[in-house]
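Trainee: build the 3D model from these lines:
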Amino acid sequence: MTRRDLLFSAGFVPALSAQDKRLPTAPVALAKAPSYSDDLASILTKMFDQIGGAGRLVRNKTVTIKLNLTGSPALRFQGKPLGVTHYTHPKTVAAMVHVLSKAGARRIRLVESAWATAGPLEEYLLDSGWNVRQLMAVAPNLEFENTNALGQGKRYYRFRVPGGGLIFPAYDLNHSYHDTDVFVSMAKLKNHDTCGVTLAMKNIFGITPASIYGDDAGVDEPNENPTKGRAETCHFGRRQPARVAPGELNPASDRSPGYRMPRITAELVAARPIDISFIDGIETMTGGEGPWIRKSLGHVKPGVLILGTNPVNTDAVATAVMGYNPRAGRGSAPFQNCDNTLLLAEQLGLGSAKVDEIEVVGETIAAVRYPFPG
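Mentor: The predicted structure follows:
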């Protein structure tokens with residue numbers, strides 16, 4: 001075991017030295033999109049062309065798209081449709097599916113660990129106000145999977161964290177995250193009450209199955225009918241996952257969500273890399289990730305779309321679009337009460353969070369900047 005592996009296994013995140021390999025970067029495309037009534041497929045096609053084309057990424061491949069459907073569909077902010085506040089909007093999904101199908105994707109699967117249920121994802125989408133039949137007409141090769149449990153799979157797959165992990169050494173996940181060639185994160189441009197911002201990387205926090213990591217997960221084996229979230233295991237560390245999965249590296253480590261959640265997010269992205277990061281900022285909410293956050297929330301219309309192939313680069317640009325410093329430390333906006341997920345991911349070698357090292361194509365950050373609350 002190297003010194004670096006020893007440090008990772010102990011829960012430390014060493015800063016990269018000058019001798020370390022330069023952090024990866026990839027272009028990030030920015031586009032103005034004032035309304036969901038715009039031709040989003042054309043805008044998205046142009047954005048893909050600006051970063052090298054969709055075809056080179058998905059042709060003849062299976063594509064898995066992780067949606068962001070956080071919280072119960074019964075909870076709405078100011079009575080507005082879920083897609084204009086804190087959920088992935090069905091029109092951006094339709095545009096993405098259309099563009100990737102046209103680019104030659106062999107199969108496209110929409111996934112989410114749906115809130116407090118292991119039922120079919122299609123039913124959850126219907127409850128969320130989606131026209132599932134219309135969406136299926138966009139691409140003949142479209143599938144759906146609720147990844148809160150086994151779903152249509154026969155077993156879970158173990159994803160090990162390179163370097164040994166920060167909180168967990170590995171995660172047991174639904175087959176959809178394994179049986180794929182391209183993994184897409186479709187996120188919203190939002191604040192997060194704990195993590196400061198919730199973008200492409202934080203969206204991956206939701207890939208953990210509640211059957212194993214949920215508040216009512218099994219003690220030894222998975223509970224294939226979970227009805228609760230993951231706060232006890234992932235947010236607060238008050239219980240361990242089902243024993244079938246690897247336990248924590250250090251059960252005596254800091255139990256605060258501001259410590260745990262950024263690290264779990266960063267190591268999940270290291271274990272299950274994101275190939276395409278898409279962030280919808282046409283309409284969204286400020287002040288938190290959902291209407292259950294009891295503080296000053298707002299509904300805003302930044303009118304921007306963000307697309308990239310490196311999630312750290314993409315989230316760094318998105319954070320700058322929100323008017324924040326992507327490299328801000330704990331105690332500075334938006335990371336007042338948490339460690340910076342971007343810096344943790346950077347220190348894991350996943351990508352650069354330095355905006356001046358990232359090629360931004362299409363619109364400039366200055367042209368689309370929409371300051372969020374400090």
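
Trainee: what pLDDT does residue 334 get?
Mentor: Looking at residue 334, its pLDDT stands at 98.

Trainee: just say helix, strand or coil for it.
Mentor: coil (DSSP: H, G, I helix; E, B strand; the rest coil).

Trainee: do residue 356 as well
Mentor: helix.

Trainee: got the phi and psi for the residue lying closest to residue 246 once chain neighbours are set aside?
Mentor: Of all residues beyond its chain neighbours, the one nearest residue 246 is residue 170 (4.8 Å), with distances taken as CB to CB, 6 or more residues apart in numbering. For glycine as for every other residue, the C-beta is placed from the backbone atoms N, C-alpha and C. Per-residue torsions, residue 170: phi -170, psi 160 (degrees, to the nearest 10).

Trainee: need the CA coordinates for the lengthiest helix in the chain. PDB is fine.
Mentor: Using DSSP state H to define each element, the chain has its longest helix at helix 257-271. The C-alpha coordinates for helix 257-271 follow below in PDB (Å, rounded to 0.1, in the frame of the first residue of the first chain):
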ATOM      1  CA  PRO A 257     -23.800  16.000   6.900                       C
ATOM      2  CA  GLY A 258     -21.500  18.900   5.900                       C
ATOM      3  CA  TYR A 259     -18.500  16.500   6.200                       C
ATOM      4  CA  ARG A 260     -20.100  13.300   5.000                       C
ATOM      5  CA  MET A 261     -22.300  14.300   2.000                       C
ATOM      6  CA  PRO A 262     -19.500  16.100   0.000                       C
ATOM      7  CA  ARG A 263     -17.200  13.100   0.500                       C
ATOM      8  CA  ILE A 264     -19.800  10.500  -0.400                       C
ATOM      9  CA  THR A 265     -20.600  12.500  -3.500                       C
ATOM     10  CA  ALA A 266     -17.000  12.800  -4.600                       C
ATOM     11  CA  GLU A 267     -16.200   9.200  -4.100                       C
ATOM     12  CA  LEU A 268     -19.400   8.000  -5.800                       C
ATOM     13  CA  VAL A 269     -18.300  10.000  -8.900                       C
ATOM     14  CA  ALA A 270     -14.900   8.400  -8.700                       C
ATOM     15  CA  ALA A 271     -16.400   4.900  -8.400                       C
END
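
Trainee: partners of whichever helix or strand comes after that helix, with directions?
Mentor: Downstream of helix 257-271, the next assigned helix or strand under DSSP states H and E is strand 276-281. In the sheet, strand 276-281 lines up against strand 182-188 (parallel), strand 304-308 (antiparallel) (DSSP bridges).

Trainee: show me the helices in the chain, by range?
Mentor: Under DSSP H, the chain gives helices at 3-9, 40-50, 55-58, 90-102, 121-127, 132-138, 210-213, 257-271, 311-321, 341-347, 365-368.

Trainee: the second one to strand 276-281, inter-axis angle?
Mentor: Using axes from the mean of the first three to the mean of the last three CA atoms, to 10 degrees, one finds that helix 40-50 and strand 276-281 are set 130 degrees apart in direction.

Trainee: buried stuff in helix 40-50?
Mentor: Using 16 or more other CB atoms under 10 Å as the test for burial, helix 40-50 gives 40, 41, 43, 44, 45, 47, 48, 50.

Trainee: quick one, it and helix 90-102 angle?
Mentor: 50 degrees.

Trainee: ok, the residue nearest to residue 130 when sequence neighbours are not counted - contacts?
Mentor: Once flanking residues are discounted, residue 130 sits nearest to residue 90: 4.7 Å by CB to CB, 6+ apart. Taking CB atoms under 8 Å, 6 or more residues apart in numbering, we find residue 90 in contact with 83, 125, 129, 130, 131, 135.

Trainee: format the residues you listed as a markdown table; extra columns: pLDDT and distance to residue 277.
Mentor: Listed next are these as a markdown table, based on pLDDT from 0 to 100; distance: CB to CB, whole Å:
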| residue | pLDDT | distance to residue 277 |
| --- | --- | --- |
| 83 | 98 | 19 |
| 125 | 97 | 22 |
| 129 | 95 | 25 |
| 130 | 97 | 22 |
| 131 | 95 | 26 |
| 135 | 94 | 21 |
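
Trainee: could you check how far the closest residue in space to residue 126 that isn't next to it in sequence is from residue 278?
Mentor: Leaving aside its chain neighbours, residue 126 sits nearest to residue 132 (5.9 Å; criterion: CB to CB, 6+ apart). When CB to CB, to the nearest Å is the yardstick, residue 132 and residue 278 sit 20 Å from each other.

Trainee: which of those two has more neighbours?
Mentor: residue 278 (26 against 19; other CB atoms under 10 Å).

Trainee: and that one, what does it touch?
Mentor: Contacts of residue 278 by CB under 8 Å, 6+ apart are 92, 96, 184, 185, 186, 187, 200, 305, 306, 307.

Trainee: same thing but 7 Å
Mentor: 96, 184, 185, 186, 187, 307 (CB atoms under 7 Å, 6 or more residues apart in numbering).

Trainee: do I have it right that the first one meets residue 44?
Mentor: Yes - at 6.4 Å, residue 96 and residue 44 qualify as touching, with contact defined as CB atoms under 7 Å.
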